[in-house]
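Engineer: Compute the structure for the input listed below.
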Amino acid sequence: MSQVEQQNAETLGFQTEVKQLLQLMIHSLYSNKEIFLRELVSNASDACDKLRFESIDNPDLLEGDGEMRIRVEYDKEQRTITISDNGIGMSRDEAVKNLGTIARSGTKEFFSQLTGDKQKDAQLIGQFGVGFYSSFIVAEKVSVLSRRAGTPETEGVLWESEGQGDFRVAPAEKADRGTAITLYLREEDAEFADGWRLRAILRRYSDHISLPIQMRKEDWDAEKQEQIKSNEWETVNQANALWTRARNDIEDEQYIEFYKHIAHDFEDPLAWTHNRVEGRTEYTQLLYIPKRAPFDLWDRDAKRGVKLYVKRVFIMDDAEQLLPNYLRFVRGVIDSADLPLNVSREILQESRDVRAIRDGSARRVLSLLEDLAENEPDKYTQFWQTFGQVLKEGVGEDTSNKERIAGLLRFASTHNDSSVQDVSLSDYIGRMKEGQDKIYYVTADSYAAAKHSPHLEVFRKKGIEVLLLSERVDEWMLSFLTEFDGKTLVSVAKGGLDLAELADEEEKQKQEKVAEEFKPLVERLEKTLGEKVKSVRVTGRLVDSPACVVVDEHEMSPHLLRMLQAAGQPTPDVKPILEINPDHQLVRRISEVDEADFEDWATLLLEQAMLAEGALLDEPAAFVQRLNRLLLQQ
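Structural biologist: Next comes the predicted model:
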């Protein structure tokens, strides 16, 4: 910074989150330090893409130079590396905002998960994406000189920081548009100020960049035993868009590095699909499924979507209209040959071509997931654990693909004693008992509550599998998923459960006899409980429990009612049906108590059943007093 610039410089403090992040950087959390160059080149590429898009409506921004490029220089003696671009550039306010804060949703969640374990924290940082801040992995000081395209040469900005908690910003002159970032390397990282090393890193990590990345040509001086730089620039990468190449010409490592470039993710992707679609609507899609969920996956305000290009011209970063919302975890690029270059978000919402691209891309992602599920089950299990709840949203959102999405769903079940969701609906159907024509499930607030639900007792006795659902999205999903492969999905906690097709003649006769025998007790319970219940009836679904509560088939389940109430939503007044187990000793005992204690016993029976269902009692203190009173009588 010159003396004049120092006089006009302003010192500002980093955002708190940036300070934390820089400390992690400076203390060398990365074992692979060279990724700083990938990140800075990636940012430079984005800046050029943005200028190319803005210049469609305002050609003057190009300032007579329409050839976008990125240049990398180094000075071995001064221990510096400079990465420059002639992209959109930054104003003074943009430099302060972009380089002094982390303006990305999910920041709070990111820092809440830092553990102090360097290896684990490094993975989290990679998942979060840090871009520019990776400079401080190798640099003791970073200087950024930038001027926004279309502004006078005198309106440049110089930003500098040692990464210690504050930064300086001052006005500066810059003849050409764009940004130049200079890294002053630490002594132990001086090895990066080397032409061969920089070229190798660029070819490894940035070969896919569609812009030319240039370095000065170097010749070997045999006398001095060193490389001598010339004034001539040469391109060190292939400089054509990766998605435009034939799949056979692209290696897996190139696909992986391109994903890291567009997703700003340090982890490899889980899977990808690359296709060119021809017909009425022509487009190329290169879509990736990440290994890990971004921190903002559940943030409704977060921007998400794939990168949209039209005829290889960048249009926007987060074109969410090109994929349905339940596939919001997908990253990638879609390059259309049919959309206009000045396409806007409003056009994207209305265009028939966009709908065709969205539908085609959704089908392609589902095909990729089906292939994983069939041929790479371990990878699919990893996907499901990360994104399964999001995919479930597709059952209600995408009616045209509902059956395919249903086939990709995975559940825990009574078949294996584990909370792992690895049972598909096809697996379930393949294990159905002879005579069974329904898929049974139970919903609860947790896996443990579902597993120990009293509604499962008769199913365990008969060896019938039941799906155990405990995620918040499940109740909503099931309102759309009523059947699969011709088999109806039935809640074991609703209606008069009909297991007649699985019962022999002797069992049917016994049930009819017991119902008649306990009719007086049923009427007595209904009279005593009054408005607390809709009705009371004898059931054959219980084995070990004295009673349970159910609702009619078309009413909201107790689990759904509780979720809506917890969210502050209005709910209908649904009264439970009390079902009693005629073989349980407690029920037989209640039928013999006198009138003075009957109300306490009847209420206790209902409250026990509600607690087993996961409900909260209106008067828990009264329940405790009633229970204690009855215990003291014994």
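Engineer: any idea of the pLDDT on residue 95?
Structural biologist: At residue 95, the pLDDT value in this model is 89.
Engineer: can I see the domain layout of this structure?
Structural biologist: 3-237, 243-381, 410-492, 501-632 (automatic domain parsing).
Engineer: I'd like these written out as CSV, with distance to residue 389 and mean neighbour count added.
Structural biologist: No exception for glycine: its C-beta is placed from N, CA and C like everyone else's. Below are these laid out as CSV (distance: least, CB to CB, whole Å; neighbours: other CB atoms under 10 Å):
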stretch, distance to residue 389, mean neighbour count
domain 3-237, 16, 17
domain 243-381, 9, 18
domain 410-492, 5, 17
domain 501-632, 14, 16
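Engineer: Tell me which of the ones you listed lies nearest to residue 395.
Structural biologist: domain 410-492 (4.8 Å; CB to CB).
Engineer: Report the residue spans of the stretch 451-600 of the chain with pLDDT below the cut-off.
Structural biologist: Scanning the stretch 451-600 of the chain for pLDDT under 70 picks out 495-508, 567.
Engineer: right, I mislabeled it, should have said the stretch 1-150 of the chain
Structural biologist: Across the stretch 1-150 of the chain, the ranges flagged by pLDDT under 70 are 1-7, 15-31, 100-130.
Engineer: Skipping its backbone neighbours, what lies nearest residue 329 in space?
Structural biologist: Excluding the flanking residues, the one nearest residue 329 by CB to CB, 6 or more residues apart in numbering is residue 387, at 5.1 Å.
Engineer: residues contacting that neighbour?
Structural biologist: Going by CB atoms under 8 Å, 6 or more residues apart in numbering, residue 387 touches 289, 293, 329.
Engineer: Next one: it from residue 509, what distance?
Structural biologist: 50 Å (CB to CB, to the nearest Å).
Engineer: Over to residue 99?
Structural biologist: For residue 99, the distance to residue 509 - CB to CB - is 81 Å.
Engineer: next one: residue 45
Structural biologist: From residue 45 to residue 509 the distance is 78 Å (CB to CB).
Engineer: same question, residue 467
Structural biologist: 31 Å.
Engineer: who's in contact with the spatially closest residue to residue 312 that is not a sequence neighbour?
Structural biologist: Among residues not flanking residue 312 along the chain, residue 241 sits closest, at 5.6 Å (CB to CB, 6+ apart). Residues in contact with residue 241 (CB under 8 Å, 6+ apart) are 208, 210, 309, 312, 335.
Engineer: and if we set it to 10 Å?
Structural biologist: 208-211, 258, 284, 286, 309, 312, 314, 333, 335 (CB atoms under 10 Å, 6 or more residues apart in numbering).
Engineer: Could you do residue 250 as well?
Structural biologist: If you count contacts by CB under 10 Å, 6+ apart, then residue 250 has 208, 242-243, 258, 274, 286 around it.
Engineer: taking those as a set, which two sit the farthest apart in space?
Structural biologist: Maximum distance among the contacts of residue 250 (CB to CB): 12.2 Å, for 208 and 274.
Engineer: Now the common contact residues for the two.
Structural biologist: Counting by CB under 10 Å, 6+ apart, the residues touching both residue 208 and residue 274 are 242-243, 245, 250, 255, 258.
Engineer: if I read this right, residue 288 contacts residue 243, doesn't it?
Structural biologist: No. Counting by CB atoms under 10 Å, residue 288 does not reach residue 243; the two are 11.3 Å apart.
Engineer: Need the residues touching each of these two.
Structural biologist: With CB under 10 Å, 6+ apart as the test, residue 288 and residue 243 both reach 255, 258, 274, 332-333.
Engineer: Out of those, the closest to residue 623 would be?
Structural biologist: Closest to residue 623, out of all of the shared contacts of residue 288 and residue 243 and judged by CB to CB, is residue 332, at 55.3 Å.
Engineer: now that closest one, nearest residue through space, not along the chain?
Structural biologist: residue 287 (3.8 Å).
Engineer: do residue 62 as well
Structural biologist: residue 55 (5.1 Å).
Engineer: do the same with residue 574
Structural biologist: residue 555 (5.2 Å).
Engineer: got it, and residue 521?
Structural biologist: residue 591 (4.6 Å).
Engineer: got a list of what the one you found touches?
Structural biologist: Taking CB under 10 Å, 6+ apart, we find residue 591 in contact with 517-518, 520-522, 524-525, 580, 582, 598, 601.
Engineer: element containing residue 53?
Structural biologist: helix 35-57 (DSSP states H and E).
Engineer: Mind checking what helix or strand follows that helix in sequence?
Structural biologist: Defined by DSSP H and E, the subsequent element after helix 35-57 is strand 70-75.
Engineer: just the angle between that next one and helix 35-57, please?
Structural biologist: Strand 70-75 and helix 35-57 are oriented at 140 degrees to each other (axes from the mean of the first three to the mean of the last three CA atoms, to 10 degrees).
Engineer: Show me what strand 70-75 is packed up against.
Structural biologist: Helices and strands touching strand 70-75, by 3 or more CB pairs under 10 Å, 6 or more residues apart in numbering; DSSP states H and E, are helix 35-57, strand 80-85, strand 178-185, helix 195-205, strand 213-221, strand 226-235.
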